[in-house]
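Asker: After the sequence you'll find the predicted model.
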Amino acid sequence: GDWRLPNVRELASLIDYQTSSSPSIPTGHPFTSVISSYYWSSSSYRRSTNIAWYVNFNLGHVDGSGKTSGSDVWPVR
């Protein structure tokens, strides 16, 4: 019961803007099975609660999409 989705700032803090590799996270990171994909955050858009922020670890950017869209999750403790 202590797992949760990270907020958009937590998730975006993993992006390495200096790398051209994919996924766009730092070399030597401690994570396993990270794929170059979109990962949902727990943060909703202010103007529309039907939209949530996600982090694209393929291109290394943050954007939003409808909550009914399919994306991966990266739960944290």
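Answerer: It's in. This one's a predicted model, so the numbers in the text were calculated from it and none came from an experiment. Numbers count the residues shown, from 1 in each chain.

Asker: Let me know the pLDDT of the residue of the chain most remote from its centre.
Answerer: Relative to the C-alpha centroid of the chain, counting by Cα atoms, centre = their mean, residue 1 is the outermost residue, at 20.9 Å. As predicted, residue 1 sits at a pLDDT of 80.

Asker: any idea how far it is from residue 74?
Answerer: For residue 1, the distance to residue 74 (Cβ to Cβ, to the nearest Å) stands at 18 Å. The C-beta positions use only the backbone N, C-alpha and C, and glycine is treated the same way.

Asker: How about the secondary structure of the nearest residue in space to residue 27 that is not next to it in sequence?
Answerer: Nearest residue to residue 27, sequence neighbours excluded (Cβ to Cβ, 6 or more residues apart in numbering): residue 19, at 7.0 Å. Under DSSP: H, G, I helix; E, B strand; the rest coil, residue 19 falls in the coil class.

Asker: can you tell me which residues contact residue 19?
Answerer: By Cβ atoms under 8 Å, 6 or more residues apart in numbering, the contact list for residue 19 reads 25-27, 60.

Asker: ranges for the strands of this protein?
Answerer: 38-44, 51-56, 61-66 (DSSP state E).

Asker: Out of those strands, which is the most enclosed?
Answerer: Greatest average neighbour count among the strands of the chain goes to strand 51-56 (a mean of 21), per mean count of other Cβ atoms under 10 Å.

Asker: Throw the strands of the chain into JSON lines and include mean pLDDT, thanks.
Answerer: Below are those laid out as JSON lines (pLDDT from 0 to 100):
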{"stretch": "strand 38-44", "mean pLDDT": "94"}
{"stretch": "strand 51-56", "mean pLDDT": "93"}
{"stretch": "strand 61-66", "mean pLDDT": "91"}
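
Asker: TSV for those strands, including distance to residue 32?
Answerer: Compiled in TSV, the strands of the chain are given as follows (distance: least, Cβ to Cβ, whole Å):
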stretch	distance to residue 32
strand 38-44	15
strand 51-56	18
strand 61-66	23
